[in-house]
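>>> I'll drop the sequence and a predicted model, then ask my questions.
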Amino acid sequence: MKKLFLLIFLLPLLAFAQEKGIHFQHGLTWQQVKEKAKAENKYIFIDCFTTWCGPCRYMSANIFPLEEVGNVFNDKFISIKIQLDSTANDNEEVKSWFKDAFAIAKEYNVRAYPTYLFFDPNANIVHRAVGSSDAKEFITKAENAMNPDKQYYALINQYKKGNKEPAFLKKAALAAMDAYDMDNGEMISNEYLATQKDLYTKENLDFISIFTLNSKDAGFKAMLKNPAKADAVLGNGVAEGLIQRIIIKEEILNKLHGQQSQADWKNISAGLNKKYPLQAAEALSKGKVMFYQSKGDWNNFQTAVVSYMNKYGAKASVGELNNYAWTVFENCKDMTCVAEALEWSKRSFKDNNEPGLIDTYANILYKMGKKDEAIAWEEKAMNLAGENDKQGFKETLEKMQKGEKTWKD
């Protein structure tokens, strides 16, 4: 009886605790949600998520339950969550929403997760936002959704009605990028750049760096035409790196999509030399590395990455040096290649003490049989790591001390 009394007493408190965050509606259809919003004169907030999305889980666990977030959303919004993937564990409510959920995702071009859609009390779309954030930024997104001067779709409507002032186009393009509305972002950004007499100013080149996503973009053509002029403003190698990424994506990876480890490199090389003669050799070399890495073809990857690094390794970024070194460590059995990777790794932390980079170096030393040296470097990585990250380094260190492998065969 005492236990029952305590349970009855605690139930209201538990319910109160659960209501502190966003109160998401359950048991309603999309039509009923719209009717409820209109009747209560509230906006509609939709959290578009998938079960596999890490940022979605973060928001649900850490931001949505916060009292300050709930205070804003529960007062002003009817809130719902729609799942945009299907799993074997989906309950009946999730299944009942699939038709409407996928229709909403298609109509409003939801391509990234989480995407947040905001509707006015009459169920007209007014705003969208994308990605995880802290509570303050997330509340700002909600406030923007209720502010006609900051609503994303209000900007798009102005654009469609003919507002082509350069300052407005720039503002609308940046808003499209924030909303992950890539189609409008690309179109509006190109219109903005067409109004500019000099594309090589710092302001315009920074803008170009954000919006240059394919070879049809005005920014790509500007950088391809004069990469040295762009790099004089942005920094050495920035324009060249952007150009290379797009060429590799369009002329190599997209054309090899769906293929396994077989590739007609001769034909691809011919196409590259015809279209981009100055960039062809490096793009082909790096494209091979990326292709074989994506396919898990480690024999060909090993040959390709060593060849690329011998020719172009001086240009490799810190991230690339670490990525290639770690991939070789994990997957390549040729110790000559592993020794090459050690040098790439050492270069990656030449100018910093990032523990993750040092950890790569220690692991490669360990695989090469230099146990004492590896342990010393792993201890350094662990000591440099933040408190929340030390455990992973400690586990690796303990494996080294025990003589256990830190890689999978």
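Now that the structure is in, tell me what you want to look at.
>>> Can you report how many residues neighbour residue 227?
Neighbourhood size, residue 227 [other Cβ atoms under 10 Å]: 20. Placement of C-beta: from N, CA and C, glycine included.
>>> ranges for the helices of the stretch 151-300 of the chain?
152-160, 166-178, 182-194, 202-211, 218-225, 227-234, 238-248, 265-275, 280-295, 298-312 (DSSP state H, counting those that start in this stretch).
>>> Show me what the fifth one is packed against.
Going back to what we said before, that points to helix 218-225. The elements that helix 218-225 packs onto, with contact taken as 3 or more Cβ pairs under 8 Å, 6 or more residues apart in numbering; DSSP states H and E, are helix 182-194, helix 202-211, helix 238-248.
>>> Pick the most deeply packed of those.
Most buried of these by mean neighbour count (mean count of other Cβ atoms under 10 Å) is helix 238-248; its value is a mean of 20.
>>> tilt between that helix and helix 265-275?
130 degrees (axes from the mean of the first three to the mean of the last three Cα atoms, to 10 degrees).
>>> Name the residues that touch helix 238-248?
The contact list for helix 238-248, computed with Cβ atoms under 8 Å, 6 or more residues apart in numbering, reads 209, 212-215, 220, 223-224, 227-228, 230-231, 272, 276, 279, 282-283, 286-287, 290, 315, 317.
>>> Pull out the buried members of the residues you listed.
The neighbour-count test (16 or more other Cβ atoms under 10 Å) marks 212-213, 215, 220, 223-224, 227, 230-231, 272, 276, 279, 282-283, 286-287, 290 as buried among those.
>>> how about the spatially closest residue to residue 170 that is not a sequence neighbour, what does it touch?
In this structure, residue 170 finds its nearest non-sequential neighbour in residue 192, 5.1 Å apart by Cβ to Cβ, 6 or more residues apart in numbering. By Cβ under 8 Å, 6+ apart, residue 192 lies in contact with 166, 169, 170, 173, 207.
>>> Tell me where the model's unsure across this structure.
By pLDDT under 70, the low-scoring segments of the chain are 1-19, 260-261.
>>> Recalculate using a threshold of 50.
Residue ranges of the chain with pLDDT under 50: 1-18.
>>> Domain map for it?
In the assignment given by automatic domain parsing, the structural domains of the chain cover 21-150, 157-234, 237-315, 319-409.
>>> In JSON lines: the helices and strands packed on helix 218-225, plus distance to residue 263.
Putting the helices and strands packed on helix 218-225 into JSON lines (distance: least, Cβ to Cβ, whole Å) gives the following:
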{"stretch": "helix 182-194", "distance to residue 263": "28"}
{"stretch": "helix 202-211", "distance to residue 263": "30"}
{"stretch": "helix 238-248", "distance to residue 263": "13"}
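>>> what's the closest of these to residue 336?
The closest of those to residue 336 is helix 238-248. By Cβ to Cβ, the value is 26.6 Å.
>>> Next, the angle from that closest one to helix 280-295.
60 degrees.
>>> Which one of the helices of the stretch 151-300 of the chain lies nearest to residue 107?
Closest approach to residue 107 among those (Cβ to Cβ): helix 152-160, 12.4 Å.
>>> any idea how far that closest one is from the chain center?
Put simply, helix 152-160 sits 26 Å off its chain's centre (Cα atoms, centre = their mean, to the nearest Å).
>>> surely residue 129 meets residue 179?
Yes. Contact status for residue 129 versus residue 179: in contact at 6.4 Å, counting by Cβ atoms under 8 Å.
>>> Could you check the one helix or strand residue 105 maps to and say which residues are buried?
According to DSSP states H and E, residue 105 maps onto helix 92-107. When burial is assessed from 16+ other Cβ under 10 Å, helix 92-107 yields the following buried residues: 94, 97, 101, 104, 105.
>>> Kindly report the same for stretch 319-336.
320, 321, 322, 323, 324, 325, 326, 327, 328, 329, 331, 332.
>>> Go through the residues you listed and flag which are in strands.
Among those, the subset assigned to strands under DSSP state E is empty.
>>> which residues are common contacts for residue 129 and residue 179?
Both residue 129 and residue 179 are in contact with residue 152, where contact means Cβ under 8 Å, 6+ apart.
>>> element containing the nearest residue to residue 358 once chain neighbours are set aside?
Of all residues not flanking residue 358 in the chain, residue 381 sits nearest, at 4.1 Å (Cβ to Cβ, 6+ apart). Element membership for residue 381 (DSSP H and E) is helix 371-384.
>>> what distance separates that helix from the centre of its chain?
Its chain's C-alpha centre and that of helix 371-384 lie 31 Å apart, by Cα atoms, centre = their mean.
>>> buried ones in that helix?
Those would be 374, 375, 377, 378, 379, 380, 381, 382, 384, for helix 371-384 by 16+ other Cβ under 10 Å.
>>> ditto for stretch 143-162
144, 145, 146, 150, 151, 152, 153, 155, 156, 159.
>>> Tell me the one among those residues nearest to residue 32.
For the buried residues of stretch 143-162, the nearest to residue 32 is residue 145 (21.2 Å; Cβ to Cβ).
>>> how much space between residue 365 and residue 376?
Look at residue 365 and residue 376: by Cβ to Cβ, to the nearest Å, they are 9 Å apart.
>>> Also residue 211?
46 Å.
>>> same check, this time on residue 387
In terms of Cβ to Cβ, residue 387 sits 21 Å off from residue 376.
>>> With residue 263 instead?
Note on residue 263: its distance to residue 376, by Cβ to Cβ, is 42 Å.
>>> which residue packs closest to residue 53, ignoring adjacent ones?
residue 113 (4.2 Å).
>>> rewinding a little: to residue 370, which of the helices of the stretch 151-300 of the chain lies closest?
Across the helices of the stretch 151-300 of the chain, residue 370 has its closest neighbour in helix 298-312 (20.6 Å, Cβ to Cβ).
>>> For that closest one, output the C-alpha coordinates as PDB.
These are the backbone C-alpha positions of helix 298-312, laid out as PDB (Å, rounded to 0.1, in the frame of the first residue of the first chain):
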ATOM      1  CA  TRP A 298      42.900  -1.500 -50.200                       C
ATOM      2  CA  ASN A 299      45.400  -3.000 -52.600                       C
ATOM      3  CA  ASN A 300      44.700  -0.400 -55.300                       C
ATOM      4  CA  PHE A 301      44.200   2.300 -52.600                       C
ATOM      5  CA  GLN A 302      47.600   1.700 -51.300                       C
ATOM      6  CA  THR A 303      49.200   2.100 -54.700                       C
ATOM      7  CA  ALA A 304      47.100   5.200 -55.500                       C
ATOM      8  CA  VAL A 305      47.600   7.000 -52.200                       C
ATOM      9  CA  VAL A 306      51.400   6.600 -52.300                       C
ATOM     10  CA  SER A 307      51.500   7.800 -55.900                       C
ATOM     11  CA  TYR A 308      49.300  10.800 -55.100                       C
ATOM     12  CA  MET A 309      51.300  11.800 -52.000                       C
ATOM     13  CA  ASN A 310      54.600  11.500 -53.700                       C
ATOM     14  CA  LYS A 311      53.500  13.900 -56.400                       C
ATOM     15  CA  TYR A 312      51.100  16.200 -54.600                       C
END
